[in-house]
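In: 3D, please:
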Amino acid sequence: MTTQDRIEGKKRSELLTTLRKQHPERVKIAQTMLKEQRSIRKALQQILETKPHTIPQLAEASGFPAHQVLWYISVMKKYGKVVETELDEDYEFYLYGLTKETEK
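Out: Reported below is the predicted structural model:
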């Protein structure tokens, strides 16, 4: 890391500190949203640790609406946390399971 990088990093840090002080209500809202998102991902991941599930099965097991589960599973798939393992017995829905990296 160069001296210039450190200076730029310090400037960014000071700017963020100033913005946080100017907009505490926005920071609190953002923190609350992030905490909620983390807990939903964790809940879905815990369910998937047992065995692969379909979106409707995940929605039922978690108590979250199916559209919300679909969104989170899509994001988790995009970032390599889950994969489509196979189709269910009726060939209607994909079963989603954790990737090997996520299981650790």
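In: sec struct for the most centrally placed residue in the chain, please.
Out: Compute the mean C-alpha point of the chain, and by Cα atoms, centre = their mean the closest residue is Arg41, 4.8 Å away. Assigned with DSSP: H, G, I helix; E, B strand; the rest coil, Arg41 falls in the helix class.
In: which residue packs closest to it, ignoring adjacent ones?
Out: Distances taken as Cβ to Cβ, 6 or more residues apart in numbering place Tyr72 nearest to Arg41, at 6.1 Å, with adjacent residues excluded. No exception for glycine: its C-beta is placed from N, CA and C like everyone else's.
In: Just list the residues touching that neighbour, thanks.
Out: By Cβ atoms under 8 Å, 6 or more residues apart in numbering, the residues touching Tyr72 are 40-41, 44, 64.
In: Could you rerun that using 7 Å?
Out: 40-41, 44 (Cβ atoms under 7 Å, 6 or more residues apart in numbering).
In: Leu15: which of those residues is nearest?
Out: Nearest to Leu15 among the contacts of Tyr72, counting by Cβ to Cβ, is Arg41 at 29.3 Å.
In: do you know how far that closest one is from Thr32?
Out: Going from Arg41 to Thr32 by Cβ to Cβ, to the nearest Å gives 15 Å.
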